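> Below: sequence and its predicted model.
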Amino acid sequence: MKKIIIVVVLIVLAFGSQAMFCKKHKNKNAMPSWIKEKIAELEKQAPHKAKSYIKEYEYNDKKVYYIPADCCDQMNPLYDENGKVICHPSGGFTGRGDNKCPDFKPAATDGKLIWEDIRQKKEVQD
């Protein structure tokens, strides 16, 4: 009986670690190429005063990506999976964006930070 329990535990551990590895690997590969290009572009620029980051959400049953503008009173674009701007849910003079997706904040789910410019933390704190 002890041997059976040990075998079962080993099998569960083996499949569990493989599933964890695949999930991490899948997430990295699942990042669209245009996002990787956007990250490379942002990393070539000097750090912005506003925090640079990219968040992935589910919105209207689709993956979308929110990338805030680099500074003050600019519209913050929301991109579809292909890198096309859907709308600007925030930013601008009013802070409310372009009103093309006014339900974004309450309707968007599963927000995940997928990239953050860590250089800013050092330079902005000075």
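Alright, I've got the coordinates.
> Three-state assignment for Val64, please.
At Val64 the chain is in strand, as set by DSSP: H, G, I helix; E, B strand; the rest coil.
> Likewise for Ile39?
helix.
> these two touch, right, it and Ile54?
Yes: assessed by CB atoms under 8 Å, Ile39 is found in contact with Ile54 at 7.1 Å. C-betas here are computed from N, CA, C, even on glycine.
> anything in contact with each of the two?
Counting by CB atoms under 8 Å, 6 or more residues apart in numbering, the contacts common to Ile39 and Ile54 are Trp115.
> Is Cys72 within a helix or a strand, and which one?
Cys72 belongs to no helix or strand when assigned by DSSP states H and E.
> how about the strands in the chain?
Secondary structure of the chain (DSSP state E): strands at 53-59, 62-66, 75-79, 85-91, 109-116.
> okay, the angle between the second one and strand 53-59?
By that I understand strand 62-66. 150 degrees (axes from the mean of the first three to the mean of the last three CA atoms, to 10 degrees).
> start the count at 777, not 1, going forward
Sure thing, new numbering starts at 777, so read that last one as strand 838-842.
> which strands and helices sit next to strand 838-842?
Counting contacts by 3 or more CB pairs under 8 Å, 6 or more residues apart in numbering; DSSP states H and E, strand 838-842 packs against strand 829-835, strand 851-855.
> The longest one now?
If contacts are counted by 3+ CB pairs under 8 Å, 6+ apart, strand 885-892 sits against helix 809-820, strand 829-835.
> any chance of those in CSV, with mean pLDDT, mean neighbour count and distance to Met851 too?
Shown next, in CSV, are the helices and strands packed on strand 885-892 (pLDDT from 0 to 100; neighbours: other CB atoms under 10 Å; distance: least, CB to CB, whole Å):
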stretch, mean pLDDT, mean neighbour count, distance to Met851
helix 809-820, 95, 13, 16
strand 829-835, 97, 19, 16
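> picking that back up, quick one: closest of the strands of the chain to Lys820.
Nearest to Lys820 among the strands of the chain is strand 885-892; the distance by CB to CB comes to 14.0 Å.
> can you tell me how far Cys848 sits from His864?
14 Å (CB to CB, to the nearest Å).
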